[in-house]
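>>> Test case, fold it:
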Amino acid sequence: MDTTLVILELAGFAALLMWGVHMVQTGVQRTFGPRLRRFLAGALRNRVRAFGAGAAVTVALQSSTATALMLTAFTAGGLVELAPALAVMLGANVGSSLVVQALSFDIAILAPMLVLAGVVLWRRGREAWHDFGRVLIGLGLVLTALHQFLQLLEPLVAQPGAGEMLRMLGQYIPLVVVAAAVLTWAAHSSVVTVLLAMSLASKGVVGVEVGVALVLGANLGSAINPMLEGDVGSNPANRRLPLGNLLNRLAGLALVLGFFAHVAPWVARLGPDPARALANFHTLFNLALALTFLPWLKPYAEMIRRLLPSPAAEAKPGAPIYLDPASRETPQVALALATREGLRMADTIEGMLKGLREALQSDSREPITTTRQLDDVLDGLNSAIKGFVLGLPHERLSPADLERQTEVLTFATNLEHAGDLIANDLLSVARRRQARGVSFSEEGEAELVRLVDRLIGNARLAGSLFLNRDPATARSLVAEKDAFREIETEAVAAHFARLRSGNARTVETSSLHLDALRDLKRINSHLVEASAYPILRTGGELLPSRLRTVK
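Okay, here's the model as predicted:
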C-alpha cells in the first residue's frame with residue numbers, strides 16, 4: 001500500500017479517535033454533569049476520596065485532560081481548594097492508566113454493538129437516554145479508531161529502513177520523550193500514545209527502552225494541555241492546578257530518566273510481553289507519583305501559591321472575577337460561576353442601599369458620589385454576566401440548564417434596574433434635598449430609613465434565594481412584597497397627616513418624600529422579581545394571572 005495513503009488513513013483514524021473521545025466526554029457531561037459536579041464536591045472533603053473521585057471521573061470521561069480542564073475551571077472560579085484539586089488530578093492520572101489497561105485487551109469486537117446500541121438510544125430515547133447513547137457511540141468510535149489505527153501501523157513500520165530508524169531512537173531517549181509529549185498534546189489523549197507504544201513494542205519495532213520513553217512522554221504531554229488550553233484568563237493564580245500537575249509529572253519524569261539504565265530492564269519484567277509490561281509501568285508510574293505526593297499536598301499547594309501569587313485587585317469597576325471562558329464546555333460549571341458573579345451584584349446593591357441611607361440623613365455629598373459609582377459596578381457585572389451566559393452553546397444546555405440560565409439573566413437584569421433606581425432617582429432625591437438646604441422631618445426620615453433597612457434585609461434574602469432556590473424562601477420574599485406595599489401605604493397616610501398638621505419640614509420635602517417612597521417600593525418589586533418569581537414559576541406556584549396581580 002502506498003505510504004502516503006497509509007499516513008492519510010492514520011490521520012483520519014486519529015481524527016476519528018479524537019472525535020470519539022469528544023463524544024464520550026460531552027455525552028457523560030450532559031448525562032451526568034450535575035451529578036459529576038456533586039460527586040466531586042462531596043469527594044473533596046479529604047484527599048483520599050478526592051483521589052478516588054478523580055480516577056472514577058477520568059474513567060467515565062476517558063481522558064485525564066478533560067478532568068484537568070474541568071478542575072481548572074473549578075479552581076479558577078474559587079469553587080475548589082488547590083490541595084484537594086491536586087488530589088483529584090493524581091487520581092485522574094491513575095484513572096487514565098486504567099483506561100489504557102482496559103483498552104489494551106482485544107475488545108474491538110464490541111465496537112459495532114456499542115455504536116448500534118448508542119444509535120438506538122440516541123434516536124428513540126428520552127433526553128437522558130439520548131445523551132447516554134452519545135456516550136456509547138463515542139466508545140464504539142474510540143474502539144474502532146484504535147483498532148484500525150494500530151492495524152495500519154503494521155505496513156508503515158514494515159517499510160525498508162523504518163524499523164531501523166525507530167530502533168535507533170533508543171539512543172536519543174530525551175528526544176523520544178519530547179516527541180511523545182508533542183504527539184499527546186496534539187491528540188489530546190495520553191491513551192493514544194501509550195497504546196501506540198505498546199503496539200510498537202509488541203511487534204518488536206521498538207525496544208522496551210523506547211516504549212518506556214514514549215510512556216513518559218505521554219504522561220508529560222497530558223499535563224501540557226491544561227497549561228496551554230485552560231484559558232483561565234490573565235490571573236496567573238488560575239494556573240496553579242495545571243502547574244502543580246505538570247510539576248509532579250516532571251518530577252517523576254526526571255527521576256525515571258535519572259535511573260533509566262536500571263528502570264528499563266526492570267520494566268521488561270513487569271509483564272509476560274512488552275505491551276503488557278508497558279501498560280503496567282504506566283499504571284505503576286502514576287500510582288507511585290500519587291503515593292509520593294498525596295501526604296504532602298498541603299505544603300505542595302502552598303509552594304504553588306508562592307510560585308503563582310494572586311495579583312493585586314484591580315480597581316476596574318464591574319470587572320468579573322469568576323467568569324471563566326473555559327467553563328463554557330461544562331454549562332453547569334459556567335452557570336455556577338455566573339451565580340457567584342450574581343451574588344456580587346447582590347452585595348453591590350446592599351452597599352448602594354447603605355450609601356443611600358447615609359445620603360438621606362447626611363448633608364455631605366460624599367455618600368451620593370460613592371454610591372453612584374457602585375452603579376457602574378452593577379452595570380459592568382450585568383453586561384458581563386449576560387454576555388457570558390448567553391454565549392453558552394445552546395446545544396449543550398439541558399432543560400435544567402436553560403431554566404437556570406433564565407434565572408441568572410432575570411436576577412442580573414432586575415438588580416441592574418434596582419441599581420438604576422437608586423443611582424438615578426433616589427440619590428437624586430438626596431441631592432435635591434441638599435441643594436434646597438432642607439431636611440426631612442424626624443418622623444419622615446425615620447420612615448425612609450426603616451424602609452431602606454428593610455430593603456437591605458430583602459436584598460440579602462434575594463441573594464440567599466438565588467443561591468439555594470428554596471421555594472419556602474421564595475414564598476417568604478413574595479410575602480415581603482405585600483408587607484412592603486402595606487408599609488408604604490401607611491407611610492404615605494402618615495405623611496399626609498403631618499401635612500395636614502402643618503409640619504413645616506414635611507411641607508418643604510413633601511414631593512421628595514413621596515418620590516422616595518414610590519421608588520423604594522419599586523426597588524423591592526425588582527428584588528422579588530429577581531429571585532422569588534422564577535423559583536415559584538418553575539415550581540408551578542405562580543400562574544401568569546397571579547403574576548399580573550402582584551406586580
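>>> mind checking which helix or strand residue 280 is in?
Element membership for residue 280, per DSSP states H and E: helix 274-293.
>>> Just give the closest residue to the residue most central in space within the chain, not the sequence neighbours.
For the chain, the residue nearest the mean C-alpha position is residue 333 (3.5 Å; C-alpha atoms, centre = their mean). Closest residue in space to residue 333, ignoring its immediate chain neighbours: residue 327 at 4.4 Å, by C-beta to C-beta, 6 or more residues apart in numbering. Any C-beta I mention is one placed from the backbone N, CA and C, and that applies to glycine too.
>>> what's the neighbour count on that neighbour?
The local packing of residue 327 (other C-beta atoms under 10 Å) involves 28 other residues.
>>> Run a quick neighbour tally on residue 269.
Residue 269: 10 neighbours (other C-beta under 10 Å).
>>> contacting residues for it?
Contacts for residue 269 (C-beta atoms under 8 Å, 6 or more residues apart in numbering) come out as residue 277.
>>> Could you report the separation of it from residue 207?
Look at residue 269 and residue 207: by C-beta to C-beta, to the nearest Å, they are 14 Å apart.
>>> Which of the helices or strands spans residue 98?
Under the criterion DSSP H and E, the helix or strand holding residue 98 is helix 82-103.
>>> got the buried residues for that helix?
Under the neighbour-count criterion of 16 or more other C-beta atoms under 10 Å, helix 82-103 has 82-100, 103 buried.
>>> Could you do stretch 288-304 as well?
Within stretch 288-304, the residues scored as buried using 16+ other C-beta under 10 Å are 289-290, 293-294, 297, 300-301, 304.
>>> Can you pick out the most distant pair from those?
Spanning the widest gap among these are 290 and 304, at 16.9 Å by C-beta to C-beta.
>>> related to what we said a few turns ago, quick check: angle from the helix holding residue 280 to helix 82-103?
Counting by axes from the mean of the first three to the mean of the last three C-alpha atoms, to 10 degrees, helix 274-293 lies at 170 degrees to helix 82-103.
>>> what does the next helix or strand after helix 274-293 rub up against?
As assigned by DSSP H and E, the chain's next helix or strand after helix 274-293 is helix 297-307. Residues outside helix 297-307 that contact it (C-beta under 8 Å, 6+ apart): 47, 81-84, 86-87, 237, 240, 243-244, 247-248, 293.
>>> what helices or strands is the helix holding residue 280 leaning on?
Applying 3 or more C-beta pairs under 8 Å, 6 or more residues apart in numbering; DSSP states H and E, one finds that helix 274-293 contacts helix 82-103, helix 190-202, helix 208-229, helix 240-258, helix 260-268.
>>> In that helix, which residues are buried?
Within helix 274-293, the residues that count as buried by 16+ other C-beta under 10 Å are 274-283, 285-286, 289-290, 293.
>>> shaky segments in the stretch 351-500 of the chain?
Applying pLDDT under 70 to the stretch 351-500 of the chain flags no residue at all.
>>> swap in the stretch 101-250 of the chain?
Short version for the stretch 101-250 of the chain, where the test is pLDDT under 70: 106-108, 125-128, 150, 153-170, 229-237.
>>> could you redo the last one with a cut-off of 90?
Residues of the stretch 101-250 of the chain meeting the criterion pLDDT under 90: 101-211, 214, 218-219, 221-245, 249.
>>> Residue 417 versus residue 440, what's the distance?
According to C-beta to C-beta, residue 440 stands 25 Å off from residue 417.
>>> what about the nearest residue to residue 477 once chain neighbours are set aside, how many neighbours?
Nearest non-adjacent residue to residue 477, counting by C-beta to C-beta, 6+ apart: residue 532, 4.1 Å away. Other residues near residue 532 come to 26 when the count uses other C-beta under 10 Å.
>>> which residues touch residue 532?
Applying C-beta under 8 Å, 6+ apart, we find residue 532 in contact with 462, 465, 473-475, 477-478, 481.
>>> Helix or strand: which one has it?
Going by DSSP H and E, residue 532 is in helix 510-538.
>>> cool, and residue 418?
helix 399-420.
>>> List the buried residues for that helix?
For helix 399-420, burial by neighbour count (16+ other C-beta under 10 Å) applies to 401, 403-405, 407-419.
>>> show me what contacts the residue nearest to residue 419 when sequence neighbours are not counted?
Nearest residue to residue 419 in three dimensions, chain neighbours excluded: residue 378, at 3.9 Å (C-beta to C-beta, 6+ apart). Counting by C-beta under 8 Å, 6+ apart, residue 378 makes contact with 318, 345, 348-349, 352, 415-416, 419.
>>> Residue 358 too?
With C-beta under 8 Å, 6+ apart, residue 358 has these contacts: residue 367.
>>> where's it relative to residue 344, distance?
21 Å.
>>> count of neighbours near the closest residue to residue 466 other than its chain neighbours?
Leaving out its chain neighbours, the residue that sits closest to residue 466 by C-beta to C-beta, 6+ apart is residue 531, at 4.5 Å. Using other C-beta under 10 Å, residue 531 has 28 neighbouring residues.
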